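> Structure for this input, please:
(one chain, ligands or ions: 1)
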Amino acid sequence: MKFTKMQGCGNDYVYVDCTKEVIEHIPETAVKVSDRHFGIGSDGLILIKSSETADFFMDMYNNDGSRGKMCGNGIRCVAKYVYDYGLTNKEHLRIETLSGIKELDLILQDGKVSQVTVNMGAPILQPSLIPVVSDKDVLIKEPITIDGQRYEITCVSMGNPHAVVFVEDTSSLPIEVIGPKFENHPIFPDRVNTEFIQIIDRTHIRMRVWERGSGETFACGTGACASVVACVLNGLTEPEVTVTLLGGDLSIRYDQKENTIYMTGPAVKVYEGEIEL
Ligand SMILES: N[C@H](CCC[C@H](N)C(=O)O)C(=O)O
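Residues are numbered from 1 along each chain as shown. Model prediction:
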């Protein structure tokens, strides 16, 4: 299987052009190629497929083999892949995902994609659509107890489920202990991606993330968007924020009039390779 390793703010995936390659047993393949000792090493597998309704279809899998409905860092790299490899010459792309079609604008440098702006659509706050089990209309700073410790979650979907938690200091988090407990908490029937946010000032936040199906990653694009929505809902930041992640920065803009989130960030090719499956 030919592949290209790419990353967005250190959130790294194995990308395969499935307009040319055929992959079977996809969940098992995602687990195998993601293994950082016995495989290529990545946060998951992203398949680029043709689409009836858009320019391409992004089919994304976490490193545990579970299928993700949307991937913010991944979709920027898909745009870079299809443009730099000449599968398209469009600088405005429509990419189908399991959470609908996303519109992207490419930012070029020396004829190749360096950054991408993605229209990430509207945030979803209704608990039943996130999904999160609650009889409330919205979950803003909702108390939850994990390991006897009280936290407050603000729940937002960007086409995939997020629980946003505000903390004093992201660097001292026992994330590998509490992350899985949020991920698998019974109030999240489809599990959840959990973002831990430290407010730096009204236009800058620091974020760590425990991703559903991948564990701690260096960045989460949908999570950065969900976090800015949570910050605005809680009156903690302006609607345009720099999100500093372990792997780099993302620029997030929440256009409240349009009720639309825009994300701008890098897309980087690491190397090409071939693996026997
Ligand atoms: N783990 C996520 C998918 C990847 C999202 C993340 N890598 C991003 O950049 O948005 C989920 O299962 O919903």
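> Next to the ligand, which bits of this protein? Give me the list.
Contact residues (C-beta under 6 Å from any ligand atom) of the chain with the ligand: 11, 62, 68, 71-74, 160, 193, 211-214, 217, 220-223. (Each C-beta comes from the backbone N, C-alpha and C, glycine too.)
> The most far-flung residue of the chain relative to its centre and residue 181, how far apart?
The outermost residue of the chain relative to its centre, with distances by C-alpha atoms, centre = their mean, is residue 148 at 28.9 Å. Counting by C-beta to C-beta, to the nearest Å, the separation of residue 148 from residue 181 is 11 Å.
> Next: residue 101.
Residue 101 is 35 Å from residue 181, by C-beta to C-beta.
> now do residue 19
For residue 19 relative to residue 181 (C-beta to C-beta), the value is 40 Å.
> Next: residue 196.
13 Å.
> Which one of those two is surrounded by more residues?
residue 196 (24 against 15; other C-beta atoms under 10 Å).
> which residues does the more buried one contact?
Neighbouring residues of residue 196 by C-beta atoms under 8 Å, 6 or more residues apart in numbering: 165, 167, 170, 173, 175, 207-210.
> With residue 239 instead?
Contacts of residue 239 (C-beta under 8 Å, 6+ apart): 228, 232, 253-256.
> And the helices in the stretch 151-277 of the chain, which stretches?
For the stretch 151-277 of the chain, applying DSSP state H, counting those that start in this stretch gives helices covering 175-183, 221-233.
> Next up, the contacts around the residue in the stretch 1-150 of the chain positioned nearest to the ligand.
Closest to the ligand within the stretch 1-150 of the chain is residue 68: 3.2 Å, counting by C-beta to the nearest ligand atom. Applying C-beta under 8 Å, 6+ apart to residue 68 gives the contacts 44, 60-62, 98, 160, 212-213.
> go on, residue 246?
10, 208, 218-219.
> Columns pLDDT on top of the residues you listed, output as CSV?
Listed next are these as CSV, based on pLDDT from 0 to 100:
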residue, pLDDT
10, 98
208, 98
218, 98
219, 98
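> any idea which of those residues is closest to the ligand?
Closest to the ligand, out of all of the contacts of residue 246 and judged by C-beta to the nearest ligand atom, is residue 219, at 6.6 Å.
> rewinding a little: from the contacts of residue 239, which is closest to the ligand?
Nearest member of the contacts of residue 239 to the ligand, counting by C-beta to the nearest ligand atom, is residue 228, at 13.2 Å.
> With adjacent residues omitted, what lies nearest to the closest one?
Closest residue to residue 228 apart from its sequence neighbours, by C-beta to C-beta, 6 or more residues apart in numbering: residue 252 at 4.3 Å.
> What residues are bridge-paired with residue 241?
residue 252 (DSSP bridges).
> For the closest residue to residue 274 other than its chain neighbours, the count of nearby residues, please.
Of all residues not flanking residue 274 in the chain, residue 2 sits nearest, at 5.2 Å (C-beta to C-beta, 6+ apart). By the measure other C-beta under 10 Å, the count of residues near residue 2 is 11.
> same check, this time on residue 216
16.
> isn't it right next to residue 175, touching?
Yes: counting by C-beta atoms under 8 Å, residue 175 is a contact partner of residue 216 at 5.5 Å.
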